[in-house]
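Q: no sequence on hand, only this structure:
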């Protein structure tokens, strides 16, 4: 059936009006809710790195195309621009659905209530309308031959489609590289990497995570240093454990229990004592000879300890290794921790170890840096978290002839808590990134996830707090996240996205 000139003109006019309505409404809705639009772009797995620029460019492009379509003599250019823009939108959704690591919560804008697949079909329908209008527009040219019109029309449409898709693919690849390796401090929040399972009230806020073994989490208690609380993943079965055969004459000052199955260690760095026992009966059997003084320690699978001590100049923090397998051997490497101000407060941080990955990690509290090392204390590499705090923002006051020091003002804490599960580093950050919602930070603790093997930032997720409670510590084990909120212990299940991240690094194990 041949469509006459008048009908083709009417169809072009209808398509133009539809595009004017679509782009006008889309641009106005983005402008009226501009902050939310920016936040949604910041959470995009494809456009995060360019969220700020695109948040202005998209509504501007939509308005410009509307103005061009309103002028009759420019409508062809407006239709061509409409085809390119809708092809870009369609390519974006297709890549998000099939090639990104996660699908964000919504597209935002005019079609926010649609599913991603419905949105893709809607966009493709408008791409088809643009193609039809361009074909009809070329057919209205009375001077060109039919063959020339067909070639010109096909060439223009194909070039527009291919260039738009190619541009979006290039933008995706470039954005991924920026977000993972050169992040401009924009977090990405996929849908629910963890889900709350249950919580219990421990009655006391003096608990800490001692370790994990045989599908049970173990909590030590600073107030009762020879007692452990063992809990199953559902937090329903609790067991109280007493450590026996501890020395009675020694006055402990800062006792901590470390688990490295099948052994446990009772350590006190203030008095310089370390004891070993078997988890089968929780009886101390051995005192480790020549134990060092230390401020932090983690036990490794080979029986050695990575420790942090104040043996540097003016009491500066220094990392060392205490080997106990045969003859006690203690050595330090004063080049590992990098001093910025005083060597004590500015190098303070969290010391972690994971036996499955056989690596230790030291994460600074007050700056965006961490160290990854091997079991012989050898430095593997230095890394950075995604925030921009490269210099510790602290003020030090010296007392009593420069012999004592303390914080002169509350410091800016960058990395409050952390946990290590194989090659995945989980960091509780206290610094808000770009394009983030204030309400989210009021209701939740933000956890950033890093893959330490390919040295990339993966994504972030919100750990919603228990009512009136703040996160004081968390621990990762057996695809669960355990969190202490004051006196409460909560457990969160890992969802599919986190499980996939864990599997990505199995080829690196030694």
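A: Done, it's in. None of the values given here were measured: they were computed from a predicted structure. Numbering: from 1, shown residues only.

Q: quick one: low-confidence ranges for the stretch 251-400 of the chain?
A: 326, 399-400 (pLDDT under 70).

Q: would you map the strands across it?
A: Using DSSP state E, counting those that start in this stretch, the strands of the stretch 251-400 of the chain run over 255-260, 263-268, 273-278, 283-287, 296-299, 305-309, 318-323, 329-333, 349-354, 359-364, 369-373, 379-384, 396-399.

Q: could you export these as TSV, including distance to residue 466 and mean neighbour count?
A: Heads up, the C-betas are built off the backbone N, CA and C, glycines and all. Shown next, in TSV, are these (distance: least, CB to CB, whole Å; neighbours: other CB atoms under 10 Å):
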stretch	distance to residue 466	mean neighbour count
strand 255-260	25	20
strand 263-268	29	22
strand 273-278	34	20
strand 283-287	35	14
strand 296-299	28	22
strand 305-309	31	24
strand 318-323	35	22
strand 329-333	41	14
strand 349-354	22	21
strand 359-364	25	24
strand 369-373	28	21
strand 379-384	31	14
strand 396-399	35	12
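
Q: those: which one's closest to residue 115?
A: Proximity to residue 115 (CB to CB) singles out strand 379-384 among those, at 37.1 Å.

Q: by contact count, what packs against the closest one?
A: strand 369-373 (3 or more CB pairs under 8 Å, 6 or more residues apart in numbering; DSSP states H and E).

Q: strand partners (parallel or antiparallel) of the strand it packs on?
A: strand 359-364 (antiparallel), strand 379-384 (antiparallel) (DSSP bridges).

Q: what angle sits between it and strand 318-323?
A: Interaxial angle of strand 369-373 relative to strand 318-323 (axes from the mean of the first three to the mean of the last three CA atoms, to 10 degrees): 20 degrees.

Q: ok, residues contacting strand 369-373?
A: 306, 319, 336-338, 349, 359-364, 379-385, 390, 415, 425, 452 (CB atoms under 8 Å, 6 or more residues apart in numbering).

Q: got the angle for that strand vs strand 329-333?
A: Here the directions of strand 369-373 and strand 329-333 differ by 140 degrees (the same axes, to 10 degrees).

Q: residue 278 contacts residue 285, doesn't it?
A: Yes. Between residue 278 and residue 285 a contact is recorded at 6.8 Å, counting by CB atoms under 8 Å.

Q: circling back: Serialize the strands of the stretch 251-400 of the chain to JSON lines and add fields for distance to residue 189.
A: Converted to JSON lines, those look like this (distance: least, CB to CB, whole Å):
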{"stretch": "strand 255-260", "distance to residue 189": "33"}
{"stretch": "strand 263-268", "distance to residue 189": "38"}
{"stretch": "strand 273-278", "distance to residue 189": "42"}
{"stretch": "strand 283-287", "distance to residue 189": "46"}
{"stretch": "strand 296-299", "distance to residue 189": "30"}
{"stretch": "strand 305-309", "distance to residue 189": "33"}
{"stretch": "strand 318-323", "distance to residue 189": "34"}
{"stretch": "strand 329-333", "distance to residue 189": "38"}
{"stretch": "strand 349-354", "distance to residue 189": "23"}
{"stretch": "strand 359-364", "distance to residue 189": "21"}
{"stretch": "strand 369-373", "distance to residue 189": "22"}
{"stretch": "strand 379-384", "distance to residue 189": "20"}
{"stretch": "strand 396-399", "distance to residue 189": "36"}
